[in-house]
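build the 3D model from these lines:
(one chain, ligands or ions: 1)
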Amino acid sequence: MATPAPMRIPAAKASTRQSKTAKAMSGLTDSRIDALLSLLSENSTIVISGAKIAREIHVSRGTVWRWVQKLRALGVEISGHPRTGYHIDRIPDVLAPKLVSRRLLNTQFWKHIYHFFKVESTNDVAMLLGDKGEAHGAVVLAEEQSSGRGRAGRSWVSERSAGIYCSILLRPDISPAHASLLTLLAGLAARDAVTDELESPPDIRWPNDLLVGGKKFCGILTEMRAETDRVRYAVVGIGINVNQTKMPTSIAGIATSLRMVSGRVHSRTDILVRLLRHINRYYNLFLANGSAPLIRRFAEVSSYFQGKRVKIRTATRTFEGVTSGLEPSGILRVIRDDGETELVLSGDVMEI
Ligand code: BTN
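From the prediction side, this is the model:
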């Protein structure tokens with residue numbers, strides 16, 4: 001048998017990709033800041049000396065002080081100073097890997113969690129990780145995105161420490177034609193994750209916008225690398241508006257946050273952990289039983305599934321009709337006014 005020739009990557013391309021990856025990863029949160037947060041949280045009932053913290057996380061006392069200042073600037077309530085020691089006033093709502101991963105141990109998402117205080121887009125980082133061969137189940141989280149991306153080339157406003165900005169790398173053995181089911185299942189999971197936070201459960205506007213009182217607070221952007229018959233990897237990016245107190249004027253009429261609806265502050269960490277647990281459950285259900293249970297669940301929870309009069313705007317045209325369920329691949333069926341059935345693969349859906 002002939003020995004296969006080694007794969008050659010053109011030098012210029014490989015180095016461009018490496019430098020892009022290096023640039024994207026340069027803002028990765030230092031794992032010792034993660035350790036500091038975890039240490040303070042585990043010892044939340046006592047004052048812990050700067051010297052002890054420095055010893056445990058292998059940095060100088062000066063660095064501990066600098067990082068404490070940085071965390072305070074992000075809203076983490078830490079009292080004390082280098083001489084007296086430090087005390088965390090309440091468990092911080094930072095999406096720090098150590099704090100999140102220990103609550104995900106029985107899921108496929110606990111092992112590789114990447115956290116950024118600020119990044120351009122968590123989807124961009126997850127795509128780069130996918131290209132580099134990162135394992136299925138990696139999660140990329142950010143406190144803030146400077147170029148958060150939405151569907152159809154729109155942007156996603158990503159205010160610091162107010163929302164959840166999360167991208168998950170998946171390597172399912174499915175064809176690209178079924179990839180939209182990943183978006184569908186993430187939408188179902190996001191709905192389950194936030195339902196207990198609200199007085200009445202949110203609606204899902206096909207394929208994946210979560211709405212409360214007719215305004216959107218969660219969106220999902222799925223991107224993938226695929227061959228004609230096989231997905232190499234998919235990145236499911238989820239944005240949830242959690243604790244924003246107002247929306248930019250340009251989207252104030254159509255967007256909201258959980259806090260703006262409920263009037264109270266919500267724990268981003270709790271919602272994120274529930275989100276990943278529900279994605280884990282729906283993903284396993286999908287692999288074991290195909291799309292039918294997802295579509296049944298969508299029918300139960302989305303007012304857009306059937307009988308809703310809508311306007312559809314695709315990349316090429318706009319038309320009106322009434323929704324009439326989903327195809328097994330997740331495609332939306334719409335019956336036009338002239339009685340013809342349209343199959344909508346992607347596009348914006350508006351209630352009329
Ligand atoms: C949409 O409804 O238009 C999709 C919005 C998706 C936003 C999320 S936030 C995390 C991830 N990173 C991005 O740049 N976009 C997605």
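
use CA for all of it now, contacts and neighbours both
Noted.

distance of the residue nearest to S155 when sequence neighbours are not counted from K215?
Among residues not flanking S155 along the chain, R149 sits closest, at 4.4 Å (CA to CA, 6 or more residues apart in numbering). Using CA to CA, to the nearest Å, one gets 19 Å for the distance from R149 to K215.

comparing these two, which shows the higher neighbour count?
R149 (22 against 19; other CA atoms under 10 Å).

touching, that one and W156? I think so.
Yes: assessed by CA atoms under 8 Å, R149 is found in contact with W156 at 5.0 Å.

which pLDDT value belongs to H81?
With respect to pLDDT, H81 has a value of 84.

wait, it sits on W65?
Yes: between H81 and W65 there is a contact under CA under 8 Å: 7.4 Å.

the strands in the stretch 101-250 of the chain, which residues?
113-116, 139-142, 163-170, 203-205, 209-212, 215-226, 231-241 (DSSP state E, counting those that start in this stretch).

as TSV, those strands with distance to Q69 and mean pLDDT would be great.
Listed next are the strands of the stretch 101-250 of the chain as TSV, based on distance: least, CA to CA, whole Å; pLDDT from 0 to 100:
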stretch	distance to Q69	mean pLDDT
strand 113-116	17	96
strand 139-142	19	98
strand 163-170	22	98
strand 203-205	40	98
strand 209-212	36	98
strand 215-226	31	98
strand 231-241	26	98
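
and those, which is most packed in?
Most buried of those, by mean neighbour count (mean count of other CA atoms under 10 Å): strand 139-142, with a mean of 28.

other residues contacting it?
95, 109, 112-119, 122-123, 125-126, 164-169 (CA atoms under 8 Å, 6 or more residues apart in numbering).

okay, and the beta partners of the nearest residue to Y304 once chain neighbours are set aside?
Of all residues not flanking Y304 in the chain, R205 sits nearest, at 5.8 Å (CA to CA, 6+ apart). With DSSP bridges as the criterion, R205 is bridged to D209.

for R83, phi and psi?
phi -80, psi -40 (degrees, to the nearest 10).

residues contacting it?
R83 touches S49, G50, counting by CA under 8 Å, 6+ apart.

I352: neighbour count?
10.

does it touch R309 like I think?
Yes: using CA under 8 Å, I352 is in contact with R309, at 5.8 Å.

on that earlier part again, identify the contacts common to H81 and W65.
Contacts common to H81 and W65, judged by CA under 8 Å, 6+ apart, are G50.

so what's the residue in the stretch 251-352 of the chain that the ligand sits nearest to closest to, chain neighbours aside?
Residue of the stretch 251-352 of the chain nearest the ligand, by CA to the nearest ligand atom: D348 (9.8 Å). Closest residue to D348 apart from its sequence neighbours, by CA to CA, 6+ apart: R313 at 5.1 Å.

would you confirm that that neighbour contacts L345?
No: assessed by CA under 8 Å, R313 is found out of contact with L345, at 11.2 Å.

which regions of this protein sit below the pLDDT cut-off?
Scanning the chain for pLDDT under 70 picks out the ranges 1-15, 17.

and the contacts of the helix ranked longest in it?
Using DSSP state H, we find that the single longest helix of the chain is helix 268-289. The contact list for helix 268-289, computed with CA under 8 Å, 6+ apart, reads 93-95, 100, 103-104, 107-109, 163-164, 182, 185-186, 189-190, 192-194, 242, 293-294.

who in the stretch 101-250 of the chain is up against the ligand?
Residues of the stretch 101-250 of the chain lying close to the ligand (CA under 6 Å from any ligand atom) are 121-123, 148-151, 156, 165-167, 219-221, 237-239.

and with 8 Å instead?
Within the stretch 101-250 of the chain, the positions near the ligand by CA under 8 Å from any ligand atom are 120-124, 141, 145, 147-152, 154-156, 158, 164-167, 208-209, 218-221, 236-240.

I279 and E144: what is the separation?
22 Å.

go on, L285?
From L285 to E144 the distance is 32 Å (CA to CA).

neighbour count winner among the two?
E144 (23 against 16).

phi, psi for the nearest residue to the more buried one once chain neighbours are set aside please.
Among residues not flanking E144 along the chain, R160 sits closest, at 4.4 Å (CA to CA, 6+ apart). Phi and psi for R160, reported as degrees, to the nearest 10, are phi -60, psi 130.

my guess is R160 meets G148, correct?
No: contact criterion CA under 8 Å: R160 and G148 do not qualify, at 11.7 Å.
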